[in-house]
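*Asks:* quick one: sequence plus predicted model below, questions after.
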Amino acid sequence: MNENLETRIVKLPDEANMIQILDQGGLIKANDFLLGIKGLKKQIDEIWDPVIEAAYKSHREALSQKQKFTNPLLFAEQIVKKRISSYLAEQERLRREAEEANRKLEEERCRLEEEALKKAQEAEEKARQAEFEAAASFDSSEKKAKAEEEAKKAKKEADKIIEAAAEKEKQFVPRLVVEVPKTSGLTAREDWKFEIVDFGSFLSAIISGTVPLQAIKTDDVFIGKMVRTMKNELNWPGVRVYSEKNISVRLS
C-alpha cells in the first residue's frame with residue numbers, strides 16, 4: 001500500500017472526531033468527508049481484492065492438492081473401521097449368546113440335580129421304611145428277609161440315582177465366553193440409534209400412553225435422547241433400537 005495513503009487513513013479517526021455539524025456548512029463538510037472515505041475504500045479494494053482473490057485461489061488449490069492425498073486415507077480408514085465395528089459387534093453377539101447358553105445350562109443342571117436329589121431321598125426313605133419293617137418283623141423270617149432285600153434294593157437305587165446325576169453333570173460343559181482383548185490405541189464407542197419400523201404401532205403406543213406424547217411428531221432429538229439413555233431397554237412398539245460401534249484410533 002502507498003505510504004502516503006496509509007498515513008492518510010490512520011489520521012481519519014482523529015479528523016472524524018474534529019467534525020462538528022452545527023450548520024449547513026458543517027453538514028457539507030461531513031458529507032465530503034464520507035465521500036472521501038468511499039474513495040479511499042475503493043482504492044483499498046483495488047489494491048487488496050486481487051491479493052485476496054489470489055490467496056483464496058491458492059488456498060483452494062492447496063486444499064484440492066491436499067485432498068488428493070487425504071481422501072484415499074479417509075476412504076481406507078472408513079473401510080477398516082467398518083470391518084472392525086462388524087467384528088466387534090459379532091464378538092459381542094457371540095459373547096452374549098455364550099452367556100445365555102451357560103445360563104440355560106446352569107438352570108438345567110440345577111433342575112436335574114434337584115430332581116435326582118428328590119428321587120434319591122425318596123429311595124433312601126423307602127430303604128429306611130423297609131429296614132424298619134424288617135426290624136419290626138417277628139412273625140416270619142421270610143417276611144423279614146424280603147424286607148431286608150427291599151431295603152438293599154432301595155439303597156442301591158439311591159446310589160444309582162446319585163451316580164447317574166454325577167455322570168450327567170459331567171456332560172454340562174459351559175461354553176467359553178471370549179472377551180475381545182484391548183488393542184493399543186483403539187477405542188470403540190457404542191452409538192445407540194433407532195428407526196420407526198411400524199408407524200401404526202408406534203402411533204397406537206403414543207395414544208395409549210405407552211410412549212411419551214413428546215414423540216408424537218417422531219421427534220428425532222427426543223427419541224434419540226431416550227434411546228441413548230435407555231439403550232436396548234427401550235421397548236416402544238414400532239421402534240427398532242440398535243447400536244453401532246464408533247471406532248477411533250490414536251497414535252500412542
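*Replies:* Sure thing, it's come through.

*Asks:* return the helix or strand in the protein with minimum mean pLDDT.
*Replies:* Least confident helix or strand, the chain: helix 141-170 with a mean of 68, by mean pLDDT, DSSP states H and E.

*Asks:* next SSE after that one?
*Replies:* strand 186-196 (DSSP states H and E).

*Asks:* buried residues, that following strand. List them.
*Replies:* Buried residues in strand 186-196, counted by 16 or more other C-beta atoms under 10 Å: Ala188, Trp192, Phe194, Ile196. The way it works is simple: take the backbone N, C-alpha and C, and place the C-beta from them, glycine included.

*Asks:* could you check the pLDDT of the second one?
*Replies:* In this case it means Trp192. You'll see Trp192 listed with a pLDDT of 76.

*Asks:* what about Cys110, neighbour count?
*Replies:* 10 (other C-beta atoms under 10 Å).

*Asks:* then the one 3 residues further on?
*Replies:* Here the count is done by other C-beta under 10 Å, and Glu113 has 15 residues near it.

*Asks:* a markdown table for the buried residues of strand 186-196, including distance to Glu106?
*Replies:* As requested, these are exported to a markdown table (distance: C-beta to C-beta, whole Å):
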| residue | distance to Glu106 |
| --- | --- |
| Ala188 | 30 |
| Trp192 | 30 |
| Phe194 | 33 |
| Ile196 | 38 |
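
*Asks:* give me the most central residue, the protein.
*Replies:* Geometric centre of the chain, nearest residue: Glu190, 2.7 Å, by C-alpha atoms, centre = their mean.

*Asks:* wait, which of the buried residues of strand 186-196 is closest to Lys81?
*Replies:* Ala188 (9.5 Å; C-beta to C-beta).

*Asks:* quick check: the closest one touching Leu88?
*Replies:* Yes: between Ala188 and Leu88 there is a contact at 5.5 Å, judged by C-beta atoms under 8 Å.

*Asks:* if we can go back for a sec, excluding sequence neighbours, find me the nearest residue to the residue nearest to the centre of the chain.
*Replies:* Ser243 (4.9 Å; C-beta to C-beta, 6 or more residues apart in numbering).

*Asks:* doesn't that neighbour lie inside a strand?
*Replies:* Yes: Ser243 forms part of a strand when assessed by DSSP: H, G, I helix; E, B strand; the rest coil.
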